[in-house]
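S.K.: Fold the following and give me the result.
(one chain, ligands or ions: 1)
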Amino acid sequence: MKLYSFSLTPNNRKVEAFIRHYDLPVEIHSMPFKDKENQTPAYRAINPLGKAPALVDGDFKLWESNAILTYLATVFPETHALPTDPQGRADVDRWLHWQSFHFTHAVIAHKDNPEKAAKDIQPHLDLLEGQLEGREFLCGELSVADFAIVPYAIARLGKNVDYSGHPNVVAWFDRVTHLKGFVATDPSLSLPASA
Ligand SMILES: N[C@@H](CCC(=O)N[C@@H](CS)C(=O)NCC(=O)O)C(=O)O
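M.R.: This is a model prediction of the structure:
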């Protein structure tokens, strides 16, 4: 299996962190932005949108970071990062969809109108705060949901968000960023893996 990745952006870091946390046998191919490999016909044959990350497993080509996370967690069940009971699975899926639509947009909005964005994100932070009450990780046990969400919060844009009124959220960020996969993909501590 081979992951094509930009390494440092949240959508890419979430998958790289997952692979490196569990030492999965997936080759990580880093694509420096300046090389524009994502715009080549060869890469567009993998992801016609030219976006990263993308995973290739034999003839199977998969794009969308959260789909890649759930695929890896399914192919490597020893990660125990994706519940197999219907309700547990739906709970994790719920947070993945919430991240890719609500959370990401609420974080990105800080770029254009920080004051409005700071208000608009509050219900989402309250939601996280309540969910994390009494839980170490978002869905109880460590799951792909933690890998999907935290990279947005700790990315450059996420740092514009004031999390200080949400202590459970702050403690969760701290817990997740100290996981092996996040330490290994910390741009300030390590070089991204490349192939
Ligand atoms: N929803 C997609 C988003 C993928 C995406 O937008 N990737 C960005 C990096 S985070 C990208 O490839 N940008 C390069 C470009 O648009 O040329 C996912 O979660 O994988």
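
S.K.: and residue 78, how many residues sit next to it?
M.R.: 8 (other CB atoms under 10 Å). For every residue, glycine as well, the C-beta is placed using N, CA and C.

S.K.: what about it, which SS state?
M.R.: What DSSP: H, G, I helix; E, B strand; the rest coil gives for residue 78 is helix.

S.K.: any idea how far it is from the ligand?
M.R.: As judged by CB to the nearest ligand atom, to the nearest Å, residue 78 and the ligand stand 24 Å apart.

S.K.: Burial check on the closest residue to that residue other than its chain neighbours, number of neighbours?
M.R.: Leaving aside its chain neighbours, residue 78 sits nearest to residue 22 (7.7 Å; criterion: CB to CB, 6 or more residues apart in numbering). Neighbour count for residue 22, taken as other CB under 10 Å: 18.

S.K.: Distance check, residue 22 against residue 82.
M.R.: 12 Å (CB to CB, to the nearest Å).

S.K.: before we move on, back to that, for the residue nearest to residue 78, what are its contacts?
M.R.: By CB atoms under 8 Å, 6 or more residues apart in numbering, residue 22 lies in contact with 76, 78-79, 81, 181.

S.K.: Phi, psi for it please.
M.R.: Note on residue 22: backbone dihedrals following degrees, to the nearest 10 are phi -100, psi 10.

S.K.: again with residue 156
M.R.: Here is the backbone geometry of residue 156 (degrees, to the nearest 10): phi -50, psi -50.

S.K.: what's the answer for residue 54, then?
M.R.: Residue torsions, per degrees, to the nearest 10, at residue 54 are phi -150, psi 150.

S.K.: Renumber starting at 404 from here on
M.R.: With the count now opening at 404, the last piece we talked about shows up as residue 457.

S.K.: how close does it get to the ligand?
M.R.: For residue 457 relative to the ligand (CB to the nearest ligand atom), the value is 8 Å.

S.K.: Over to residue 524?
M.R.: Applying CB to the nearest ligand atom to residue 524 and the ligand gives a distance of 19 Å.

S.K.: for the chain, which spans come out with low pLDDT?
M.R.: Residues of the chain meeting the criterion pLDDT under 70: 592-598.

S.K.: Can you give the domain ranges for it?
M.R.: Per automatic domain parsing, the domain ranges recorded for the chain read 405-482, 489-585.

S.K.: residues touching the residue located most distally from the centre of the chain, list them.
M.R.: For the chain, the largest distance from the centre (CA atoms, centre = their mean) belongs to residue 444, which lies 26.4 Å off. For residue 444, no residue meets the contact criterion (CB under 8 Å, 6+ apart).

S.K.: Same check on the one 10 residues further on?
M.R.: Under the criterion of CB under 8 Å, 6+ apart, the contact partners of residue 454 comprise 441, 466.

S.K.: secondary structure element for it?
M.R.: Under the criterion of DSSP states H and E, residue 454 resides outside all helices and strands.

S.K.: Quick check: it vs the ligand, distance?
M.R.: 3 Å.

S.K.: Likewise for residue 478?
M.R.: 18 Å.
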